[in-house]
Structure formats: structure tokens, C-alpha cells
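[1] how would this look folded up:
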Amino acid sequence: MTGYTPTLFALPFAVAALIVFAVGIAILLRERFSRVGWLHFFLSSSVGGWQTSTALEVMSASPGVAIGWSRLALLFALFIIPIQYQFCCVITGQLHARRRTVAAAWTMTALLVASLGAGFTHARLVHYSWGYYPIFAPAGWAFVFFTVVVVSLCIGMYWRLYRGNRPGGVTSRRGLLLLSGLLMGAIGIVDFLPTLGLAIFPFGGLAVTLGNLINAYTTWKYRLFEITPAYAADQLMDSMSDGVVLIDRDGVVRLVNPSACEILGIDRASLLSRLPPAEFAEVVLGWQHVPFFPANDASLGEREYVTPDGTHRMLDVNVALLREPGLEPGVAVITLRDITGSMFTDLQTPAITYPQSLAPSNVKDLGALLPGPTGIGAGTYFVANITISIDPSALPGVYTLQNVTSGGKTAFIFNDTGTGFAIPASAYTVTVLPVPEPSSVVLAGVGLAGLLVVVRCRRARV
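    A predicted model of the protein is given here:
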């Protein structure tokens, strides 16, 4: 390779660069591309660039080649310091309180970068036994001082994170590990000794790499995330049992949680960044066309919905508009609660007592005999005007539901697992058979073999 001389002295720098690049990517993925994950990735990338450039500097066969890599190595090293400080402020929750100090650190870095570009950081190159290395000019000494100050500040913040929380708690242990990693990485300051003319091999990159590995362990064990409103909102959305769909003013779905996908029977990719499915918009939301954006908050109550695979569900639907003060609503939040199973659970225990003797083909308003929707389940009750046909030979006693026949419009029948299927019905003929237990005649609310007849009437009798 022209201009370069292969040497084992470059190997530690190359290995360190490879490790920190891999760790940076791993932590970024582990942290799900959060702000902390990106900061650590940029920190690792700066360390990796510094070590890669130093390896090429050591391998350079002439001062002309070495000086270019030396300046590039210093450029990467300059960015390590402010990124480390900002990373530390975010992890400890002090970013807002120390925002001016963070800005000062970046300002100092910008000045040092300008000094590097103007040639004020390097006095000359020295050829040590392991290769070329720079001797710093006064601007370079300023960088050394800047590094020591920032690392000391970070050590103090990690120490307070460790000591200021419950001993043995997760935050305290995480602070101790981060402090250990930083103290290990601080050994990298030995790389400044050759810039003062001391012939000591610059092994500081290996120390920084070990510190990075401690950070990786800390991430895997305790995570590095910061609890922000955005993070909390995402976690709450994903953990909610109710479905949530967010629609913008253009009528496009911008956010949907896993429960909504399960309730609607539609995968997330088919909902996000698209108009709501026509069946969902029309039947559940009552929108006659899409795109559409509601003008007001609305409690839509119970809505029947059939998933694409044919499963019938009963949903309790609400719409709430989000707006900033003084502005028009920007987002419609649609919440979906699947109440299919609860309808069966609420109705399976009460027995319905018919107060009069039942004559053959006696037509009674069964709905008038019930305690009302709130007494037997939220918004569900047996339909009125049920034709009850009794075996002429039946004697007074306790009776149970035997079968149902119907004809007319659509209603729902639910079995004992809460699974619903549609049947056409306008009137129901309920045939009951006597059970040998003399008492007043009772029409029970639970069908034979677990069959329960529930008709959803939206709090109004059919």
C-alpha cells in the first residue's frame, strides 16, 4: 500500500474502532432510535473515527501522509467531548438545567475545530517507535484542558446519580455502571502524553473501548432511555386494552395501537397513513364519506362491527378532538372498546321471572318485565314483544329456554363464549319446556347448552 507501512502497532486502534462501531449500532437498535440511542451512536462513531484515523496515522510512511490523518483523528476526538457531556446530561435528567453549559461546550468545540482548520493545534509531528504522532501547539493544549474539565463534570453527574437514588435501586446501579464506564474511558487521557513529547504508546483508545462495552452492558441490563412524554405516550398506547386510532385533519390514520388492529381485524400496515377502511368509517363511525374529520367530540355508543374474517363484535365507540389553545382541532382520537364478551357475562346470571300464568301462544311484552338495560348489562336487553309458545300440557313451574326461531330484520345471537353471529329476526318465538320444580313460572335468561339470546337494541326496544 503506497505511503503506508503495515505494523502491528496499528492493530489495537483498528480493533478498538471495529468494536465501538458495532457497540454504537447495537445500542441504537436496543434503544429503538431514541434520542439517547442516537447520542450514544454519535459518540461511538466519533471514537471509531478517531481510532481509525490514528491507525492510519501510525501506518503512514511519511510526515506528509501522517499529518492529514493526525488532523482527522483530532477532528473526531474534538466531537467526543461535547457529545459525551450532552449524553451525560440527558441520562441524568439534567439537560434542561445544564442547557447553557451544553451550549458552551459546543461553542468551545466549534472554536477548536476552527483552530484545527487554521493549523493552530499542531506544532509538528514526531516519529516515535510505533509511528508518527503530533506535538500539540497552544490550541491543542486548550483541547486537553477542555477534555479534563468536561470529563470531570460528567464524573460528578454520574456520581450524584449513583449516590442520590435509593441504594441498590435500578437507577443507582445504572449510575454506578455508567460511572465505571466513564472512569475506564477517562484512562484514554494517556493519549495526550505523546503530544507533550513523552514516548508512551497511546493505548487510551482501548480504555475508551472498554468503557463503551460497559455502557453496552448497562444498556442491555437497565436500558438508557429517558422517560419523556413521547416515550410514555408510546408505551401507554401499546399497553392499552382499548383500541386507539388517531386521525389527522386530512382524514388520514396517523397512529394506531395493537389493540385497535386486533379489534378491527386489520394489520397496522393496512391502516397507517391511509384513509380509514370504508366499512369501519361508515358502520362504526357513521361517516358517510372519507376523507372526513369530525367537528365535535362524540360518544357514539355501541356499534356493531364485522371484521374482514367475518367475526361479529360489539364496540363502544368514542371520538375526542385534540387541539392547542386558540387553534382548530388537529387530531381526532377514536377509542374502541370491545364489549362483546362482557355483554354475555353481564347477562348470564339474572333469572327473569314471569309474573303471570302462561297460556298457550300468550303474547307478552317481555321487555316491560325486565329491570331495564342498566340492570342486566350496559346497553343490552331482551327484545320486547316476544311471542312465547307454551306446550298446552305444561304446568306452572320453572322453565328454561329451549330454542329460538325468527324471521325479519338482523339481530345478534351470542353463545356462551361471547362469539356472535347474525340472524334475521323481527319477532322471536321462544318455546319453553317444563322443568319438574313447582314454583311460579319463570322464563330464564340462560339458554339450554349455554345458548344465551342477547339482542342489542341501542337502549331502545325493537
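[2] elements contacting whichever strand or helix holds P12?
    Element membership for P12, per DSSP states H and E: helix 11-30. Packing partners of helix 11-30 (3 or more CB pairs under 8 Å, 6 or more residues apart in numbering; DSSP states H and E): helix 35-59, helix 204-222. Placement of C-beta: from N, CA and C, glycine included.
[3] now it against helix 35-59, angle please.
    170 degrees (axes from the mean of the first three to the mean of the last three CA atoms, to 10 degrees).
[4] buried residues in the longest helix along the chain?
    Longest helix of the chain, by residue count under DSSP state H: helix 63-91. Applying a neighbour-count criterion of 16 or more other CB atoms under 10 Å, the buried positions in helix 63-91 are 65-67, 69-91.
[5] What's the first helix or strand after that helix?
    helix 99-117.
[6] That following helix - what's its average pLDDT?
    Averaging pLDDT along helix 99-117 gives 96.
[7] again with stretch 188-205
    For stretch 188-205, the per-residue pLDDT averages 92.
[8] what helix or strand does M314 sit in?
    Following DSSP H and E, one finds M314 within strand 312-322.
[9] Low-confidence stretches in the stretch 51-200 of the chain?
    Counting by pLDDT under 70, not a single residue of the stretch 51-200 of the chain qualifies.
[10] try 80 this time
    166, 168-170 (pLDDT under 80).
[11] hmm, back to that, hey, which of the helices and strands packed on helix 11-30 is tucked in deepest?
    Highest mean neighbour count of the helices and strands packed on helix 11-30: helix 35-59, a mean of 23 (counted as mean count of other CB atoms under 10 Å).
[12] quick one: that one to helix 63-91, angle?
    Angle of helix 35-59 versus helix 63-91, following the same axes, to 10 degrees, is 160 degrees.
[13] heads up, I number from 52, so please use that
    Yep, numbering from 52; the last one is helix 86-110 now.
[14] what about helix 86-110, distance to the chain center?
    29 Å (CA atoms, centre = their mean, to the nearest Å).
[15] The longest helix of the chain packs against which elements?
    Secondary-structure packing of helix 114-142 (3+ CB pairs under 8 Å, 6+ apart): helix 86-110, helix 150-168, strand 173-179, strand 182-187, helix 189-214.
[16] Pipe those into a markdown table and attach distance to L59 per row.
    Formatted as a markdown table, these follow (distance: least, CB to CB, whole Å):
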| stretch | distance to L59 |
| --- | --- |
| helix 86-110 | 10 |
| helix 150-168 | 29 |
| strand 173-179 | 14 |
| strand 182-187 | 11 |
| helix 189-214 | 27 |
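[17] And those: which comes nearest Y268?
    Using CB to CB as the measure, helix 86-110 is the one of those that comes nearest Y268, at 13.0 Å.
[18] Run through the neighbouring helices and strands of the closest one.
    With contacts defined as 3+ CB pairs under 8 Å, 6+ apart, the packing partners of helix 86-110 are helix 62-81, helix 114-142, strand 182-187, helix 255-273.
[19] Could you dump these into TSV with distance to T172 added?
    Putting these into TSV (distance: least, CB to CB, whole Å) gives the following:
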stretch	distance to T172
helix 62-81	20
helix 114-142	6
strand 182-187	6
helix 255-273	18
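[20] what's the closest of the ones you listed to G88?
    helix 62-81 (4.5 Å).
[21] quick one on the thing from earlier: can you give me the angle the longest helix of the chain makes with helix 150-168?
    Angle, helix 114-142 to helix 150-168, by the same axes, to 10 degrees: 180 degrees.
[22] by how many degrees do helix 114-142 and strand 173-179 diverge?
    110 degrees.
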